[in-house]
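Novice: fold the following and give me the result.
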Amino acid sequence: MTISSLAITPLVSLIAGILILVMPRLLNYIVAIYLIVIGLVGLFPHLAG
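Specialist: Now for the predicted structure:
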């Protein structure tokens, strides 16, 4: 079973939004992790799939 990044993106966004509402300080970590992951996928596209 393969899951494309198109299916994962809305789910990750929903979970991140709920966590930010519950714990606003978590926003810094979520943004930092997101930027690191997007940067790594941009530098090494073969790792994404």
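Novice: once you drop chain neighbours, what's closest to Ala16?
Specialist: Nearest non-adjacent residue to Ala16, counting by CB to CB, 6 or more residues apart in numbering: Ile30, 5.0 Å away. Backbone N, C-alpha and C define where each C-beta goes, glycine included.
Novice: show me the contacts for that neighbour.
Specialist: If a contact means CB atoms under 8 Å, 6 or more residues apart in numbering, then Ile30 has Ala16, Leu19, Ile20 as its contacts.
Novice: as a markdown table, those residues with distance to Tyr34 would be great.
Specialist: A markdown table is the format used below for those (distance: CB to CB, whole Å):
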| residue | distance to Tyr34 |
| --- | --- |
| Ala16 | 8 |
| Leu19 | 12 |
| Ile20 | 12 |
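Novice: if you rank the residues you listed by neighbours, which is first?
Specialist: Ala16 (16 neighbours; other CB atoms under 10 Å).
Novice: give me the element that one is part of.
Specialist: Using DSSP states H and E, Ala16 sits in helix 5-22.
Novice: if you rank every helix and strand of the chain by mean pLDDT, what lands last?
Specialist: Within the chain, no helix or strand scores below helix 5-22, which has a mean of 80 by mean pLDDT, DSSP states H and E.
Novice: and that helix, what does it pack onto?
Specialist: Where contact means 3 or more CB pairs under 8 Å, 6 or more residues apart in numbering; DSSP states H and E, helix 5-22 is packed against helix 26-43.
Novice: tell me how far the helix it packs on lies from the chain's centre.
Specialist: Going by CA atoms, centre = their mean, to the nearest Å, the spacing between the C-alpha centre of helix 26-43 and its chain's C-alpha centre is 7 Å.
Novice: export that helix to CSV, keeping only CA atoms.
Specialist: Extracted C-alpha coordinates of helix 26-43, given in CSV (Å, rounded to 0.1, in the frame of the first residue of the first chain):
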residue,chain,number,x,y,z
LEU,A,26,4.2,24.1,19.8
LEU,A,27,4.0,26.3,16.7
ASN,A,28,7.7,27.1,16.7
TYR,A,29,8.6,23.4,16.7
ILE,A,30,6.1,22.5,14.0
VAL,A,31,7.2,25.3,11.7
ALA,A,32,10.9,24.4,12.3
ILE,A,33,10.3,20.7,11.6
TYR,A,34,8.2,21.5,8.5
LEU,A,35,10.9,23.7,7.1
ILE,A,36,13.7,21.2,7.7
VAL,A,37,11.7,18.4,6.1
ILE,A,38,10.8,20.5,3.0
GLY,A,39,14.4,21.6,2.7
LEU,A,40,15.7,18.1,2.8
VAL,A,41,13.1,16.9,0.3
GLY,A,42,14.1,19.8,-2.0
LEU,A,43,17.8,19.0,-1.7
